[in-house]
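Dropping the sequence and predicted coords here.
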Amino acid sequence: MLSPNTTLKQIEILGYLGTKFPNWIGDDSFNNIVDIKLSGSQHCSNLPPLGQLPSLKILHISSFDSVTTVGAEFYGNSSAKKKPFSSLEILIFKNCHYFEALSMSDGQCQELTYLSIYCCRSFVSFPNGGLIAPKLSDLNIYNCPELMWLPEKMTSLSSLKSLTIRSCPLIKAIPEGGLPISLSKLRINYHQLLRIKWNWQTLPNLKNTLSEEGFPTSLSSLSISGCPLLKKIYDTKDSENKEYWRKISHIPHVGGSSERQEEDSFLNMKQAMF
């Protein structure tokens, strides 16, 4: 069977039509591979065993329509002495519409700093016991309409600085124990901001003292999406609306939409008012 040169550092496979990836994918002889992108496989129900690639830092998986779970087969040889994904820093799942659950055991993904689950409409479950990722600094969950819970034991994510939760309407509470005290940036839909009971006192990097609106006075960035009244309330043509801006004027960066163009417009409006 044909296979690429083992000196490759980057692999991108698009639109693979088979039901199983060839055996060379994931072989630890490809010890130089740093970046892998797999996209558009309609028929593979299992991801290839990539966990034993010693140099892999970036893994992007998108549009795998038959994958429902990510488990042991993904991590590779269970008898290997080396922990799976020993160098992995960035892991992205995107548009995997039947992907339901992510499995992760102690010792796996110890170097992971960025995890994104984007537009996985059937996703319902993080690993039992929570994410064991001591270096995770950025967690993004977007458009997962069946997901009801954030990972358990989030306080154990001692390096987490940024958390994004958007278009996940069934999430109504934060995990028992709250969020890690390291958190300094929160992006969330407006209705969830109001629905979830927040304990700002447990988040010293978001809060020194509370402002009139309940937002931390040390909050450096606020992005609110999914609120159709924002444009009306913050219409700069209406002089009466300046009072609303004053209530959030202590926040340096404020965004009002998930669309990049509208966020930029929203920032420009705030700067014009002050």
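Here it is on my side, so go on.

I'd guessed S158 sits against S182; true?
Yes - in this structure, S158 sits in contact with S182. The criterion is C-beta atoms under 8 Å, and the distance is 5.9 Å. In this view, the C-beta of every residue, glycine as well, is placed from N, C-alpha and C.

Looking at these two, which one has more neighbours?
When S158 and S182 are compared on other C-beta atoms under 10 Å, the one with more neighbours turns out to be S182, at 16 against 11.

OK, contacts around that one?
Residues in contact with S182, defined by C-beta atoms under 8 Å, 6 or more residues apart in numbering, are L157, S158, S159, L160, K161, N205.

now these: which count as buried?
Among the contacts of S182, the ones that count as buried by 16 or more other C-beta atoms under 10 Å are L157, L160, K161, N205.

In strands, which of these appear?
Within the buried ones among the contacts of S182, no residue falls in strands by DSSP state E.

Could you dump those residues into a markdown table with distance to N143 added?
As requested, the buried ones among the contacts of S182 are exported to a markdown table (distance: C-beta to C-beta, whole Å):
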| residue | distance to N143 |
| --- | --- |
| L157 | 22 |
| L160 | 21 |
| K161 | 22 |
| N205 | 27 |
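
Just the closest of those to C119, please.
Out of those, the one with the shortest distance to C119 is L160. That distance is 22.0 Å, counting by C-beta to C-beta.

Straight-line length of stretch 144-159, end to end?
From the first residue to the last, stretch 144-159 extends over 24 Å; the measure is C-alpha to C-alpha, to the nearest Å.

Let me see the mean pLDDT of it.
Rounded to a whole number, the mean pLDDT of stretch 144-159 is 92.

For L8, list the residues it contacts.
Counting by C-beta under 8 Å, 6+ apart, L8 touches F30, N32, I33.

of the residues you listed, the lowest pLDDT goes to which?
Ranking those by pLDDT puts F30 at the bottom, with 87.

can you pull out the strands in the stretch 51-200 of the chain?
In the stretch 51-200 of the chain, strands defined by DSSP state E, counting those that start in this stretch lie at 58-62, 69-70, 90-94, 101-102, 114-118, 138-142, 162-166, 185-189, listed in chain order.

Kindly present those as JSON lines, with separate columns for mean neighbour count and distance to G129.
Below are the strands of the stretch 51-200 of the chain laid out as JSON lines (neighbours: other C-beta atoms under 10 Å; distance: least, C-beta to C-beta, whole Å):
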{"stretch": "strand 58-62", "mean neighbour count": "19", "distance to G129": "22"}
{"stretch": "strand 69-70", "mean neighbour count": "20", "distance to G129": "16"}
{"stretch": "strand 90-94", "mean neighbour count": "19", "distance to G129": "18"}
{"stretch": "strand 101-102", "mean neighbour count": "18", "distance to G129": "12"}
{"stretch": "strand 114-118", "mean neighbour count": "20", "distance to G129": "16"}
{"stretch": "strand 138-142", "mean neighbour count": "19", "distance to G129": "16"}
{"stretch": "strand 162-166", "mean neighbour count": "19", "distance to G129": "19"}
{"stretch": "strand 185-189", "mean neighbour count": "20", "distance to G129": "24"}
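
quick one, which of those is nearest to Y16?
Across the strands of the stretch 51-200 of the chain, Y16 has its closest neighbour in strand 58-62 (11.8 Å, C-beta to C-beta).

Mind listing the strands the closest one pairs with, and their directions?
strand 35-39 (parallel), strand 90-94 (parallel) (DSSP bridges).

Alright, that wraps it up for me.
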